[in-house]
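> next come a sequence and a model predicted from it.
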Amino acid sequence: MYQSKWRSLTNHIILILGSLFMIMPVWIAFASSTHTREFLFQNGLQFMPGGHFFDNYGKILFDQSATKGRVTALQMLFNSMVLGLGFAIGKVIISMMAAYAIVYFRFRLAMPLFWVIFATLLLPLEVRIVPSYEVVAKLGLLNSYTGLILPLIASATGTFFFRQFYRSVPDELLEAARLDGAGPWRFFIDILVPLSVTMIAAIFIIMFVVGWNQYLWPLLMTTDDQLYTIVIGIKQVYNSLYEGGQIPQFPKAFALTIMASIPPVLVVVIFQRMFIRGLVETEK
Amino acid sequence: MKRVQFGHSPVPYLFVAPQIIIIAIFFLWPAAQAVHQSFLLEDAFGMSSQFVWFRNFNDVLSSPSWLKSAGFTVVFSSLVAVLSIAISLFLAVRADEVIRGAKVYKTLLMWGYAVAPPVAGLLGIMLFNPLMGDLYILFNKMGLDFNHIQNGNDATFVVVLIAVWKQVSVNFIFFLSGLQGIPKSVTEAATLDCKSAGRRFWTITFPLLAPTTFFLMVINLTYAFFETFGIIDVSTKGAPGGSTATLVYKVYVDGFLGADMGGSSAQSVLLMIMVSVLTVFQFRFIERKIHY
Amino acid sequence: MFRKTLMAAAALFAMANTASAATEITWWHAMDGALGDVVNHIADDFNKSQSEYKVVPINKGGYEDTMTAGIAAFRAKNQPNIIQIFDAGAATIINAKGAVYPVQDLLEKYGTGFDINDYIPGVRYFYADSKGKMIGMPFNSSTPLLYFNKDALAKAGIQNPPKTWQEFEEMAPKLKAAGYEGFAESHSPWIFFENFMSRHNLQMATANNGYDSTDVKILYNNDDLKNHWKKMKEWKDEGYFGYYGRAWGANQDAFLHQKAAMWLGSSGSFGGLRKSATFDFGTSTLPYWKGVGDAPKSTFIGGASLFAFSGHSDEQNKGVAAFFEFLTKPETQYYWHKETGYVPVTTAAYELAKKDGYYKESPDAEVGIQQLSEEGGKWTKGYRLGFYVQIREVIYNEVDKMMNGEETVDQAFDVIETESNKLLVRFHDTYSN
């Protein structure tokens, strides 16, 4: 392809600037997280890392009193992991099954049920959060991983992903399977699931990130700080009540920010190909 | 629907059951309660309540601060959508052209997808901290008289910037795969036809990307409506003077912090109507695209 | 594998919960950072002092978050035993008939009795109903104070911090010349609306400041308060007053960074500031306008109080009563006062602090309680206004607009009046039946 030297150079310059735009804030956060709060408070945000990396991160990971309440960042990371994985696993299984029923079966309630599922896309959790809380509480699920995860699964995005995918699966497959005498269950397990592996992986990755990054729901429904996720932890540390008159805990907030971002970013970067495929193919 | 399907049997019900049960308990039940509550005046603790017809809707729609927030939400969402799409399209076109280091650039530009909105909000607002924030200090050294704490436009700039930063990655991924999906023969022919890269982009590439762009428009608007809650909540909290409060943030402030159950339910129902329109729009478009 | 991990985790939680035989009393509060540490310390002390009950304090975020969580939990019949509710939220919880067990009844029934006169005058009636029965127990009671940077004042050649705003006007140019903004303030609604009214003994709302009825109108739209804000705007434009928005911290930071020579904040900030300020500072009472109302009168008691939710067993209520009695013990109060700067709520604790020589050692710590013990007036007992959290929100917004010139002071106060009264009507209609 024809490409002038000049064009190539500007391409690189633009892309480098774009990358810096993305990375700078996180770098500054990291560098600033390795200083003492007094230093940061007096000297502003930092570009160069300081000497308190192990001190700050160690404290926040293992020392309960370093965060608010009585929970370590390690516990919060564990909770986020449970939320991310539970959300992703639950969503993949449930939506695969539902999409299978909708695409591959003729049954009387198919249309009404399809519309019920579709309706969940209309009303994000943010706008029905107090009644959701009441329901979860009535079922005795407050402060449980189940109560944290299940209401989030009640949205149908995953079902639509799989619906789209199944519809792109050639009809001949089912015809052939039926000639072989395969029933619905065998067709699902032996043919459709293996065929969907990349799709499952892709959606799993996306859902893990979505679950990990949940904010408002965990904020309201966890009344036990042992269940705080790391994203909530950030708000708790950052929003510390100033009436106490202390120097703000910016390095700790930054350290939490970095720790909250590493797992999902790593997942997305490592499984880049699958992730991109999942994102682009499903949302189209 | 599929041409070939399994016939009538109870099997499909078993397969949809888990999804439907979860939706019934955790979606339909609470959503119905939200609608019900929007017609009630009820004290926060649920000790007494009365049916008031459309009183709550009336109060919401006649409140200047709600209308202001609705106006801001529209401006904010449009700005976020247009800017993040423009920036990421620009970057994607360049990333599509480079040969050396293409993979590295791609990785460097796409990881932002995984960052939680409140994290982005915190990073952003710290950079604009009046006493320690680099960007705040830089802008004022440049003589811009920048003050997002008092000036509504400056504050809008800050939240838009944060929201765009968070959203560039997703759009970038879509545009890049869209660009890579354009057949080589088309690009080569285009290169022969017109030498100017700019003209080539507008006459050939952009029209080919139009469906993606349109789709991203909807995605970005939905994002700006709902997912930016975390950004607003840790950055401006709607200040100054409520000029950066999105509608979702307002539901949160009035309903949860202010303990006005009926009022916030009415706001939720209004939001629900708006999202429905957006979603139906999006869904129709997706459905149509399938037939391509 | 994952399942197993989950189940193991769940089992661990279950064990942790059943292992303790003592009756568990949950306490949701909004105290974090160093304040949270002190809260935990007090709970631990109580738990060690006896074996029947175990108080478990849980931080639920800020004041608003805590109240929200409490409301949601109550509606779901999952309420904690004790919840900390801040001044602006008092009307919401007190007007919801039956949601809380009035502390006075609780202590009379389950404790060793109750005498309202044990409490210092300023806090007696703030969380009481219209008949004077105490509903919530004052806990972290704070009052707005003036903090001043001694070095800054010395540099500007000023001997004493201003007692009145007239005095401040005279010294502001000197501070400016010395390179300082005169002052910054955290929390405009609290300091320059509610406490402005109290300090000058002005009526804040009809119906006895809202104590007598929910059918009430706000009285903020008056010349005294408007003139003050006209001055504030003037001072801001002159560089005598630094406005850093509505965030508490940003304004406090300006003081800590020595940009502002003085700062109006909470007496509860004293303990923390002592650790974080790199300069010598002192405290003084909230300035007033000489000749306005009949200033100076005492300020409102701010901060928050503890409410006992209804719907718990006798056994647990007994535990709550026991804990409340522990909290009001002079020793506990003194410890809380010393560690945090919040004022002691009982006279016995105040006496203990005096006897112990605490105020000789650090006289600044006494300013808050002195201010609350100043002569009271007809309108200094408190206020009880519904949806006051949203009213504060309106005030915050209008202050922003006054300061950035989007609206004139008169316009802003018109908005404050109409919007607040709309909210009050809504509250009345919601709660009066």
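Yes, it's here. Please read these numbers as outputs of a predicted model, since none were measured by experiment.

> do you know how far the residue nearest the centre of chain B is from residue A:87?
By C-alpha atoms, centre = their mean, the mean C-alpha position of chain B lies nearest to residue B:223, the distance being 1.4 Å. For residue B:223, the distance to residue A:87 equals 19 Å [C-beta to C-beta, to the nearest Å]. In short, each C-beta sits where N, CA and C put it, glycine included.

> shaky segments in chain A?
By pLDDT under 70, the low-scoring segments of chain A are A:1-3, A:65-70, A:122, A:127, A:223, A:239-245, A:282-284.

> the longest helix in it is where?
Criterion DSSP state H: the longest helix present in chain A is helix A:73-104.

> kindly report the residues of chain B close to chain C.
B:41-48, B:50, B:52, B:59, B:63-65, B:129-131, B:149-152, B:237, B:239-243, B:253-254, B:256-260, B:262-263 (C-beta under 8 Å from any C-beta of the partner chain).

> and these, which are buried?
B:41-48, B:52, B:59, B:63, B:65, B:129-131, B:149-152, B:237, B:239-243, B:253-254, B:256-260, B:262-263 (16 or more other C-beta atoms under 10 Å in any protein chain shown).

> now, the residues you listed that are in strands?
Using DSSP state E, the subset of these located in strands is B:41, B:42.

> residues near the closest residue to residue A:91 other than its chain neighbours, how many?
Computed as C-beta to C-beta, 6 or more residues apart in numbering or on different chains, the closest residue to residue A:91 that is not its neighbour in sequence is residue A:158, at 4.5 Å. Residue A:158: 27 surrounding residues under other C-beta atoms under 10 Å in any protein chain shown.

> now the helices: where do they sit in the stretch 51-200 of chain C?
Here the stretch 51-200 of chain C has its helices, by DSSP state H, counting those that start in this stretch, at C:63-75, C:90-95, C:103-110, C:121-124, C:150-155, C:165-177, C:188-189, C:195-199.

> which other helices and strands contact the fifth one?
When you say that, I think you mean helix C:150-155. strand C:260-266 (3 or more C-beta pairs under 8 Å, 6 or more residues apart in numbering or on different chains; DSSP states H and E).

> cool, the fourth one as well?
Taking 3+ C-beta pairs under 8 Å, 6+ apart as contact, the helices and strands that helix C:121-124 lies on are helix C:367-373.

> list the buried ones in the helix it packs on?
Burial within helix C:367-373, assessed by neighbour count using 16+ other C-beta under 10 Å, is assigned to C:367, C:368, C:369, C:371, C:372, C:373.

> related to what we said a few turns ago, of the residues of chain B next to chain C, which ones also sit close to chain A?
B:129, B:131, B:256.

> with respect to pLDDT, which of the residues you listed ranks lowest?
Ranked by pLDDT, these bottom out at residue B:256, which scores 74.

> burial count for residue C:278?
Neighbour tally, residue C:278, other C-beta under 10 Å: 12.

> what of the one 3 residues further on?
Number of residues near residue C:281 (other C-beta under 10 Å) recorded here: 22.

> partner residues bridging it?
Beta-bridge partners of residue C:281, counted by DSSP bridges, are residue C:149.

> so who does it touch?
C:147, C:148, C:149, C:150, C:273 (C-beta atoms under 8 Å, 6 or more residues apart in numbering or on different chains).

> before we move on, what SS does the last one have?
Which is residue C:273. Here residue C:273 takes the helix state, with states given by DSSP: H, G, I helix; E, B strand; the rest coil.

> return the subset of the residues of chain B next to chain C lying in helices.
Mapping the residues of chain B next to chain C onto helices (DSSP H) picks out B:59, B:64, B:65, B:152, B:262, B:263.

> so the fifth one sits against residue B:35, correct?
No. Using C-beta atoms under 8 Å, residue B:262 and residue B:35 do not qualify as a contacting pair, with a distance of 11.5 Å.

> ok, back up a step: not counting sequence-adjacent ones, nearest residue to the residue nearest to the centre of chain B?
residue B:167 (6.0 Å).

> and the strand or helix carrying that neighbour, what other elements does it pack with?
Assessed by DSSP states H and E, residue B:167 sits inside helix B:152-180. Packing contacts for helix B:152-180, counted by 3+ C-beta pairs under 8 Å, 6+ apart, involve helix A:5-32, helix A:272-283, helix B:64-97, helix B:102-110, helix B:117-127, helix B:206-222, helix B:229-234.

> immediately after that helix, which helix or strand?
helix B:184-193.

> any residue of that next one touching chain A?
Yes. Under the criterion of C-beta under 8 Å from any C-beta, helix B:184-193 makes contact with chain A via B:187, B:188, B:191.
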